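In: sequence-free structure coming up:
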């Protein structure tokens, strides 16, 4: 296995202290030492040593990791277990291949026009197999489908994608300018995230540039081991972003997974191509998860109106790719707590259990099990809204609440902030675009 570090040495560096065990998402739902972080490390060392073959059994084991990074956060030796498993998945994909439907999905991520057509077709035809439930924020399967049981809540395609709704240049009368990398789910499903971000930027007087030809950050393919697709997407986006990066102050990403992928994993993926890695670094240095940048670089916090009576009760879930990989968790809370009654769940840092494409398909039973305790925690707060800056978490938590019959809706923090700003506006405001007004 080709690595930038010695897997065997890393495995031997693990002192088997067990601090990772209580935090490990897969161990919490499947208490087997084999699929614990130290178990993973031991097996990875054996793979490099040549005493363990990457057979189908090993494939099952390494694909059961949620890549939540809890173990790396508490490891005294700071061992990058997640990074080592990601590298192992590349070798697994080379040896065992990737399921045809995953290969098709990753290929579609490279073709914006085809994705636009399929998303629109999905919106038009979704009622054939699904019933939309606005209160739950998704659509329910009318009957059992391959890998989708009846009444499972899934994300519902929007009438029009975010990127196809607005012009590329949004001039809000200021002398500052940021670009927006929206992410696939916020582009095709949860378009209100982008709407809210633009509204906030408008109120701040910060101009927005919406790069129309942006493509997926590569996270779904990366977590599955399709390194060829990941590199293609990364290099495409780098070349495209280089066309405008000097003209913007920052690239705002309202998604934890996308921002973490761009800021951290792009550099990891390109470790063996230093020239590309350096080009990526110039992009990632200006890339920020949206709430952190808005809190640190604007006066948004002072603009949020204080609500003391009948405030909506909100509980906040920390996405793994926000708190653990980027250290972002105080900022969204600081922006929300003035306008809402913010109540903490018992363990906001516990992984919700989304886990990626494989976990949401072949291994959905593990994702279901990981979601159960989060639904309980949310219910215990008696919150009206649960929030997180991650659409993957939104999918997982919404289904977990659906399965547990928890009456609580999900809203992105930017949605909640925009709602607060709108409520404080003294007069009705014009929609950002006529097109958006019609779709609404």
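Out: In hand now; what should we look at? Small disclaimer: the values here were computed from a predicted structure and weren't measured. Numbers count the residues shown, from 1 in each chain.

In: I'd say residue 247 and residue 169 touch.
Out: No - contact status for residue 247 versus residue 169: not in contact, 10.7 Å apart, counting by Cβ atoms under 8 Å. Bear in mind the C-beta positions are built from the backbone N, C-alpha and C, glycine included.

In: show me where pLDDT drops low in the stretch 301-440 of the chain?
Out: Along the stretch 301-440 of the chain, the parts satisfying pLDDT under 70 run over 426-428, 430, 433-440.

In: can you show me the strands along it?
Out: Using DSSP state E, counting those that start in this stretch, the strands of the stretch 301-440 of the chain run over residues 313-316, 341-342, 385-387, 409-410.

In: list the buried ones in the longest one?
Out: When you say that, I think you mean strand 313-316. 314, 315, 316 (16 or more other Cβ atoms under 10 Å).

In: so the first one versus residue 231, what's the distance?
Out: Counting by Cβ to Cβ, to the nearest Å, the separation of residue 314 from residue 231 is 39 Å.

In: the residue nearest in space to the middle of the chain: helix or strand, and which one exactly?
Out: Nearest to the mean C-alpha position of the chain, counting by Cα atoms, centre = their mean, stands residue 257 at 3.1 Å. Under the criterion of DSSP states H and E, residue 257 resides in helix 256-260.

In: so what secondary structure elements neighbour that helix?
Out: strand 287-289, helix 320-326, helix 391-404 (3 or more Cβ pairs under 8 Å, 6 or more residues apart in numbering; DSSP states H and E).

In: got any residues that touch both of residue 247 and residue 169?
Out: In terms of Cβ atoms under 8 Å, 6 or more residues apart in numbering, residue 247 and residue 169 are both contacted by the residues residue 209.

In: returning to what we had before: can I get the helices and strands packed on helix 256-260 in CSV including mean neighbour count and distance to residue 100?
Out: What follows is the helices and strands packed on helix 256-260, written out as CSV (neighbours: other Cβ atoms under 10 Å; distance: least, Cβ to Cβ, whole Å):
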stretch, mean neighbour count, distance to residue 100
strand 287-289, 25, 33
helix 320-326, 24, 28
helix 391-404, 24, 23
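
In: so can I have JSON lines of those showing distance to residue 75?
Out: Output for these, formatted as JSON lines (distance: least, Cβ to Cβ, whole Å):
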{"stretch": "strand 287-289", "distance to residue 75": "24"}
{"stretch": "helix 320-326", "distance to residue 75": "12"}
{"stretch": "helix 391-404", "distance to residue 75": "23"}
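
In: what about the longest helix in this protein?
Out: Longest helix in the chain, counting residues (DSSP state H): helix 364-381.

In: pull the residues that contact that one.
Out: Contacts for helix 364-381 (Cβ under 8 Å, 6+ apart): 25-26, 28-30, 64, 66, 147, 313, 315, 317, 343-348, 350-355, 359-360, 386, 396-397, 399-401, 403-404, 406, 408.

In: ok, now which ones touch residue 187?
Out: Contacts of residue 187 by Cβ under 8 Å, 6+ apart are 161, 162, 163, 194.

In: out of these, grab the one that's most surrounded.
Out: Each of the contacts of residue 187 was scored for neighbours by other Cβ atoms under 10 Å, and residue 194 scores highest at 26 neighbours.

In: state the mean pLDDT of stretch 231-249.
Out: For stretch 231-249, mean pLDDT is 98.

In: wait, stretch 18-25
Out: According to the model, stretch 18-25 has a mean pLDDT of 92.

In: flag every buried residue along it.
Out: So stretch 18-25, judged by 16+ other Cβ under 10 Å, has buried residues 20, 21, 23, 24, 25.

In: end-to-end on it?
Out: 14 Å (Cα to Cα, to the nearest Å).

In: which outside residues touch that stretch?
Out: 27-28, 36-38, 66, 68, 70-71, 73-76, 81, 350-351, 353, 355, 370.

In: now do the contacts for residue 291.
Out: 254, 328, 331, 332, 335, 389, 413, 414.

In: in what helix or strand does it lie?
Out: Using DSSP H and E, residue 291 falls in helix 290-297.

In: in that helix, what counts as buried?
Out: 290, 291, 292, 293, 294, 295, 297.

In: stretch 328-335 now?
Out: 328, 329, 331, 332, 333, 335.

In: next: stretch 334-345.
Out: 335, 336, 337, 338, 339, 340, 341, 342, 345.

In: surely the second one and residue 413 touch.
Out: So the one you mean is residue 336. Yes - under the criterion of Cβ under 8 Å, residue 336 makes contact with residue 413 at 5.9 Å.

In: give the residues shared as contacts by those two.
Out: In contact with both residue 336 and residue 413: 316, 387, using Cβ under 8 Å, 6+ apart.

In: state the distance from the closest residue to residue 253 other than its chain neighbours to residue 377.
Out: Setting aside the residues directly before and after it, residue 253 is nearest to residue 259 in space (Cβ to Cβ, 6 or more residues apart in numbering), at 3.9 Å. Distance from residue 259 to residue 377, counting by Cβ to Cβ: 25 Å.

In: who wins for proximity to residue 96 among the helices and strands packed on helix 256-260?
Out: Closest of the helices and strands packed on helix 256-260 to residue 96 is helix 391-404, at 24.7 Å (criterion: Cβ to Cβ).

In: got the contact list for the helix holding residue 257?
Out: In contact with helix 256-260 (Cβ under 8 Å, 6+ apart) are residues 181, 183, 217, 219, 253, 287-290, 319-322, 325-326, 328, 388-393.

In: picking up where we left off before, ok, how many other residues are close to the residue nearest to residue 253?
Out: Residue 259, neighbours per other Cβ under 10 Å, totals 31.

In: state the pLDDT value of it.
Out: Reported pLDDT for residue 259: 98.

In: endpoints of stretch 148-159, how far apart?
Out: End-to-end for stretch 148-159, by Cα to Cα: 23 Å.

In: likewise stretch 134-145?
Out: 21 Å.

In: and the contacts of it?
Out: So stretch 134-145 is in contact with 126, 129-133, 148-156, 394-395, 398-399, 401-402, 409-410, going by Cβ under 8 Å, 6+ apart.

In: buried among those? Need that as a selection in PyMOL.
Out: The buried subset of these, as determined by 16+ other Cβ under 10 Å, is captured in PyMOL by this line:
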select buried, resi 130+148+152+153+154+155+156+394+395+398+399+401+402+410
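
In: could you measure from residue 381 over to residue 244?
Out: For residue 381, the distance to residue 244 - Cβ to Cβ - is 42 Å.

In: which one's more surrounded, the two?
Out: residue 381 (19 against 14).

In: quick one, helices of the stretch 101-250 of the chain?
Out: 112-125, 184-188, 192-204, 219-222, 227-241 (DSSP state H, counting those that start in this stretch).

In: from the contact counts, what lies against the last one?
Out: Spelled out, that is helix 227-241. helix 219-222, helix 266-269, helix 274-284.
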